[in-house]
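>>> Kindly generate the corresponding structure for this input.
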Amino acid sequence: MTLQQRLTADLRQALKTGDKTRRSVIRMVIAGIKNAEIANSAPLDDSGVIDVLSKQVKQHRESITEFSKGNRQDLVAKEEAELAIILEYLPKQMSREEIVAAARRVMEQVGARGPGDKGKVMSQLMSQLKGSADGREVSDVVSELLAG
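Predicted structure coming up:
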């Protein structure tokens, strides 16, 4: 079952059960997928759907940060609930230790010596970790490893 098929099936289930939050989140994700398909002039595979989901996760995390700064706990709770639903469709997120191990392997492969090699490491590493790790966290780990 593809991710799009799973989303459609889960939308039907949310409609039957009356889960308004899940229904609206899945509709938002499906709309994002349709927009990406229109922009690409081609249907998305699971990798493309994961890209759309990752963008949605990033937007929700940024919103949570901003709403926290604005002391809007009601909106923070709403965004966190929506984020939890989106994360169900992404591959299991890697722990920091797993990211460090993957980063070290890539650094050995490309022969990275210092901070100037971050671009080489990041391009290879992000293609490997696509959807399973937050880009900001990966960037922080790579920066730490290259600086140390």
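
>>> list the buried ones in stretch 117-134?
K118, V121, M122, Q124, L125, L129, G131, S132, A133, D134 (16 or more other Cβ atoms under 10 Å). Any C-beta I mention is one placed from the backbone N, CA and C, and that applies to glycine too.

>>> Take those residues and keep only those in helices.
Judged by DSSP state H, these include K118, V121, M122, Q124, L125, L129 as members of helices.

>>> What is the nearest of those residues to A14?
In terms of Cβ to Cβ, no member of these lies closer to A14 than L129, at 29.7 Å.

>>> Might you report the residue contacts of the closest one?
Each residue near L129 by Cβ atoms under 8 Å, 6 or more residues apart in numbering is listed here: M94, I99, A102, V138.

>>> circling back to that earlier point, return the member of the ones in helices among the buried residues of stretch 117-134 nearest to D19.
For these, the nearest to D19 is L129 (30.9 Å; Cβ to Cβ).

>>> any idea how far A112 is from the residue nearest to Q124 when sequence neighbours are not counted?
What sits nearest to Q124 in space, not counting adjacent residues and going by Cβ to Cβ, 6 or more residues apart in numbering, is V106, at 5.0 Å. As judged by Cβ to Cβ, to the nearest Å, V106 and A112 stand 8 Å apart.

>>> likewise A14?
To A112, A14 is 45 Å away according to Cβ to Cβ.
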